[in-house]
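Peer 1: quick one: sequence plus predicted model below, questions after.
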Amino acid sequence: MAQIGRLGVWASMDGMAASAAAGFAQRVEDWGYGALWLPESRGRNVLVLAGWLLANTRTLTVATGIANIYARDPQASASGQLALAEQSGGRFLLGLGVSHVPLVEGLRGHRYGKPVETMRGYLEALRRATYAAPPPAETPRTVIAALGPRMLALAGSHADGAHPYLVSPAHTREARLLLGPGKLLCPEQTVLADTDPVRARRIGRAWLGRYLEMANYRDNLLRLGFAALDLANGGSDRLVDAVIAWGDAAAIRRRIEEHWAAGADHVCIQTLNPNEAAPALPDERLLAALAPTA
């Protein structure tokens, strides 16, 4: 845990040029965050981006949150993981996920398999992969995107932990019970520096709406006790407030601390930009305010 610390940053950098992404990663490192988590969707290959950021930082762990298992076979993921871990001195953490039907079938043209069974087979093949290059000094760790009980159980039995996304501290508490001790639990927490409830919830809904169209997230939120009406029109106030920590820095820190108290080892914060003209860019002022070195 010393390697990734208790607090990290989750950020999409597809809106940044390579040089800007490197500069952002360096600032995250200087602020004292333990890890920078990278998603994979329609932009850069996340392993390529991870290699670039590792080459441009010194101490920061770069984690994938997540690498889509339909984007590369287990042999390719294993060789990428081991190469990046060896090249960076162990600063790479592989997070894998089954993604979503529109991104797998519509974008990539694959058949979307049953999530738990597909991930189990992938992880077993990852363990069997061969690698004919110098290995890293230590075996690198793998976490998986896990929301429901069966995927969380798989994270405990077949991986080194879980990286839940779009969750509340209540989910973190349940996830810790299912994972058991000794496994990494690294939830993502979306945050927004805005103390006006109307504006904060409007920005939150604009961000949240696209996720509420995806079955994986809808099912998990319903499982957590939200009703179908909570998922309509970008999300109810109750839902927005549960999955987005908005307010001043003190209020946001309290939400992070709730995840830690519920059993999280590491919380990665994703900042929504209060500047509605630049929604794709992280809010660096908030990251600086919440930084471990602040």
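Peer 2: Received it, and whenever you're ready, just let me know what you need.

Peer 1: what residues does stretch 82-95 touch?
Peer 2: With contact meaning Cβ atoms under 8 Å, 6 or more residues apart in numbering, stretch 82-95 is reached by 3-4, 35, 37, 47, 50-51, 54-55, 57, 59-67, 77, 80-81, 131, 133-138, 140-145, 163, 186. Backbone N, C-alpha and C define where each C-beta goes, glycine included.

Peer 1: which of the residues you listed are buried? Put it as a PyMOL command.
Peer 2: Remark: buried members of the contacts of stretch 82-95, expressed as a PyMOL selection using 16 or more other Cβ atoms under 10 Å:
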select buried, resi 4+35+37+47+50+51+54+57+60+61+62+63+64+65+66+67+77+80+81+136+140+141+142+143+144+145+163+186
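
Peer 1: among the contacts of stretch 82-95, which lie within strands?
Peer 2: Those of those mapping onto strands are Ala35, Trp37, Thr61, Val62, Ala63, Thr64, Ala67, Thr142, Val143, Ile144, per DSSP state E.

Peer 1: hmm, Val9 and the second one touching each other?
Peer 2: Yes: if you go by Cβ atoms under 8 Å, Trp37 and Val9 touch, sitting 6.8 Å apart.

Peer 1: which residues do the two both contact?
Peer 2: Cys268.

Peer 1: output the lowest mean pLDDT helix or strand found in the protein.
Peer 2: helix 101 (a mean of 88; mean pLDDT, DSSP states H and E).

Peer 1: tell me which other helices or strands that helix touches.
Peer 2: Applying 3 or more Cβ pairs under 8 Å, 6 or more residues apart in numbering; DSSP states H and E, one finds that helix 101 contacts no other helix or strand.

Peer 1: that helix: what's the following helix or strand?
Peer 2: Per DSSP states H and E, helix 101 leads on to helix 115-128 as the next helix or strand towards the C-terminus.

Peer 1: strands of the stretch 151-294 of the chain, start to end?
Peer 2: 161-162, 184-185, 188-193, 244-247, 267-272 (DSSP state E, counting those that start in this stretch).

Peer 1: and the ones you listed, which is most packed in?
Peer 2: Mean neighbour count (mean count of other Cβ atoms under 10 Å) peaks for strand 161-162 among those, with a mean of 25.

Peer 1: so how far is it off the chain centroid?
Peer 2: 11 Å (Cα atoms, centre = their mean, to the nearest Å).

Peer 1: which residues of this structure score low on pLDDT?
Peer 2: 1-2 (pLDDT under 70).

Peer 1: so what's the residue of it most remote from its centre up against?
Peer 2: Of all residues in the chain, Ala132 has its C-alpha farthest from the mean position, at 29.9 Å, by Cα atoms, centre = their mean. Under the criterion of Cβ under 8 Å, 6+ apart, Ala132 has no contact partners.

Peer 1: for it, grab phi and psi.
Peer 2: Backbone torsions for Ala132, taken as degrees, to the nearest 10, come to phi -110, psi 50.

Peer 1: could you find the closest non-adjacent residue to Arg6?
Peer 2: His266 (5.7 Å; Cβ to Cβ, 6 or more residues apart in numbering).

Peer 1: any idea how far the one you found is from Tyr122?
Peer 2: 23 Å (Cβ to Cβ, to the nearest Å).

Peer 1: the two: which has the busier surroundings?
Peer 2: For the pair His266 and Tyr122, the greater number of neighbours falls to His266 (26 against 19), based on other Cβ atoms under 10 Å.
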